[in-house]
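Chemist: Have a look; sequence and predicted model below, questions after that.
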Amino acid sequence: MSTESTAVAAPRAAAPNLTAVFVRLKLTLLRNGLRQSAGRTVAYVSSVIVGLLFAAGAVLGLIALRGNVHVGALAVLLTGILTLGWAVMPMFFPTGDETLDPTRLVMLPLRPRPLIGSLLVTSLIGIGPVVTLALVTGAVVALADGPAAALVGVLAVVLVVLVCVALARAVATASVRLLTSRRGRDLAVLSGLFIALGAQAVNIAAQKLGRPDGLAVLEPLGDVLRWLPPASAIGAVEATGQGAYGRAVAGMALAAVALALLLFWWQRSLTALMTSPDSSTLQAVEKDSARRSGSGEGGLVRLLPGGRTGPVMLRTLRYAWRDPKSKMSWATALGAGLLAPIVSSVQGNGSIYTAFSAPALLGLQMYNQFGQDTSAFWMVASTIATPRDAYQELRARACTLALVAVPYVTLVSVGAAAFIGPWSDFLQVYGLSLALLGALIGTGAVTSVIFPYSIPSEGNKNVAPGQGSIAWFSLFGGVLVGALLCAPLLGLTIWLHVAGLHHLLWILLPLGVLYGTGAAVLGLRLAAPRTVRRLPEILAAVSKG
């Protein structure tokens, strides 16, 4: 018998199970990743323990609320929050699960439909799905009333977990090209700000729910979420216990339809990803060519002043938009500056003076100006020969900060007066805010020259090793001096209040504008000659990162 006939007659080897291969692959990569370093192992084990403890506490709390008339609203709200978390998680942590990155599979002979099933099963391995499963199970236990509701609850748990996982994978696949690009990495850098905002929202919600009738405030939101998948599946468990079988069937059907649509979207995105070329670079080149072929630069560039000031302002703005560390610093200052008045307003015990957080945090952006340039500062240093050159450089950077800070401080001051009040204090608060901003700009220019330090371009650290003390002294020393510079205006404000001259408080607005402008100009004038004398020291300090 020939070799060919032998090959034909031989039974075909069974194809390996794709799901089992992916499961083994993920477990192997997870195990090998934990072996890389003890720190990574400790971090992973700690996250698992914290996640399980949080899930256990939430489950016990839900079970303790069993029988409460408002527990249904709480359960569907918890499901909605879980779903939102799964939806945004790929946007902030695009490399959190590299084993399931579909771009790594484009060269393999795999079809999208079986691939989706394998990826879906593999996605169920991890602390996130386990915590979600525990929380949803606790919600079902708190709501299930009777055998029929328990049976529906089992199906609801499966549907909710599958919808959450499929949603995360569909979002990640549809936006994988963006998330693995520079813009995606910048978005991941901003995750800390969104986590901080979410923590404040949870804090406010906890205070509201801690009242005797706290759960009652959830009912209007719960009525809406009961018809939104996958929370509709949890609402179906409650409806089954109440005998509303039609509403239960509708809720389960909505969750099932949502799962089917997500899987269809995921399949379409995966097919497009695996069959289309990555033309992001070509698109970028085409856009750049279109801009170059246009009639000059437009937009904000046309509004910038001429001479040295305009190009320096444009360079600083581009740093703030393109550099991840600068973008994170700006975003944190803008977000946290607005967060303090909002939290005060929501809690009901705030003060309009919380608006000072905006000028304080934005004024700190003037500190360590040259550290943002890192080793590229040598190009700036080569253009500075006289104190006038240094003054124009620092003035342009200060104008860039003022271009953003002054409108933002105005917005926060107006918002604080509108939502916290009273309006009678607006002029004094606005004037003092502008004075504080100007004082911090002036002291920031001086400390940037005297205490420069490097900001590493890689990693999560914002200060180069060995320069931590310089950074802290620059920051706190400059803030202290800036606050002392505002002492005369603050003393005048207190005296007008004590003397009962409330009708003269309006003068603090023009005085604040003049005082802040004067403090900023004075700081720039003092820093300019020192900049020329310390150019070699500044370059050495900012190049260590």
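Modeler: Received the coordinates, thanks.
Chemist: Give the buried residues for stretch 488-502.
Modeler: Using 16 or more other CB atoms under 10 Å as the test for burial, stretch 488-502 gives 489, 492-493, 496. To be clear about C-beta, it is placed using only N, CA and C from the backbone, and glycine gets the same treatment.
Chemist: no wait, stretch 471-479
Modeler: Buried residues in stretch 471-479, counted by 16+ other CB under 10 Å: 471, 474-475, 478-479.
Chemist: what's that stretch in contact with?
Modeler: For stretch 471-479, contacts defined as CB atoms under 8 Å, 6 or more residues apart in numbering pick out 360, 364, 367-368, 440, 443-444, 446-447, 450-451, 453, 462-463.
Chemist: Mind checking which of these land in helices?
Modeler: For the contacts of stretch 471-479, the ones inside helices are 360, 440, 443-444, 446-447, 450, with DSSP state H as the criterion.
Chemist: quick one: low-confidence parts of the stretch 1-150 of the chain?
Modeler: Within the stretch 1-150 of the chain, the segments meeting pLDDT under 70 span 1-16, 33, 36-37, 39-40, 43, 91-108.
Chemist: how about the helices of it, start to end?
Modeler: For the stretch 1-150 of the chain, helices defined by DSSP state H, counting those that start in this stretch occupy the ranges 3-9, 18-34, 38-64, 71-92, 112-123, 127-143, 147-174.
Chemist: These into a markdown table, with extra columns for distance to Ala541?
Modeler: Output for those, formatted as a markdown table (distance: least, CB to CB, whole Å):
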| stretch | distance to Ala541 |
| --- | --- |
| helix 3-9 | 72 |
| helix 18-34 | 37 |
| helix 38-64 | 29 |
| helix 71-92 | 33 |
| helix 112-123 | 47 |
| helix 127-143 | 42 |
| helix 147-174 | 41 |
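Chemist: With mean neighbour count added, can I get the ones you listed in CSV?
Modeler: Below are the helices of the stretch 1-150 of the chain laid out as CSV (neighbours: other CB atoms under 10 Å):
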stretch, mean neighbour count
helix 3-9, 9
helix 18-34, 14
helix 38-64, 13
helix 71-92, 21
helix 112-123, 19
helix 127-143, 22
helix 147-174, 22
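Chemist: rewinding a little: now the buried members of the ones in helices among the contacts of stretch 471-479.
Modeler: For those, a burial check counting by 16+ other CB under 10 Å picks out 360, 440, 443-444, 446-447, 450.
Chemist: Hmm, Trp506 is touching Phe426, no?
Modeler: No - here Trp506 does not reach Phe426: they are 9.6 Å apart, not a contact under CB atoms under 8 Å.
Chemist: out of the two, which sits in the more crowded spot?
Modeler: Set side by side, Trp506 and Phe426 show more neighbours around Phe426, with 20 against 14, by other CB atoms under 10 Å.
Chemist: Excluding covalently adjacent residues, which one is nearest to the more buried one?
Modeler: Nearest non-adjacent residue to Phe426, counting by CB to CB, 6 or more residues apart in numbering: Ala417, 4.0 Å away.
Chemist: pretty sure Met274 contacts Pro109?
Modeler: No - the criterion here is CB under 8 Å, and Met274 misses it with Pro109 at 10.5 Å.
Chemist: And those two? Which one has more around it.
Modeler: Using other CB under 10 Å as the criterion, Met274 and Pro109 rank with Met274 on top: 18 against 4.
Chemist: give me phi/psi at the more buried one?
Modeler: Met274 has phi and psi values of phi -90, psi -10 when expressed as degrees, to the nearest 10.
Chemist: And the pLDDT for Leu209?
Modeler: Per-residue pLDDT puts Leu209 at 57.
Chemist: ok, now which ones touch Leu110?
Modeler: By CB under 8 Å, 6+ apart, Leu110 lies in contact with 18, 274.
Chemist: how near is Met328 to Gly335?
Modeler: Met328 sits 10 Å away from Gly335 when distances are taken as CB to CB, to the nearest Å.
Chemist: What of Gly482?
Modeler: For Gly482, the distance to Gly335 - CB to CB - is 22 Å.
Chemist: got it, and Pro529?
Modeler: From Pro529 to Gly335 the distance is 37 Å (CB to CB).
Chemist: what ranges of the stretch 351-500 of the chain fall below the confidence cut-off?
Modeler: Low-confidence segments of the stretch 351-500 of the chain (pLDDT under 70): 457-461, 465-466.
Chemist: rerun at 90
Modeler: Within the stretch 351-500 of the chain, the stretches with pLDDT under 90 are 351-358, 360-385, 412-429, 448, 450-500.
Chemist: how about the helices of it, start to end?
Modeler: So, for the stretch 351-500 of the chain - with DSSP H, counting those that start in this stretch - the helices run 357-363, 377-381, 387-419, 426-450, 468-485, 487-498.
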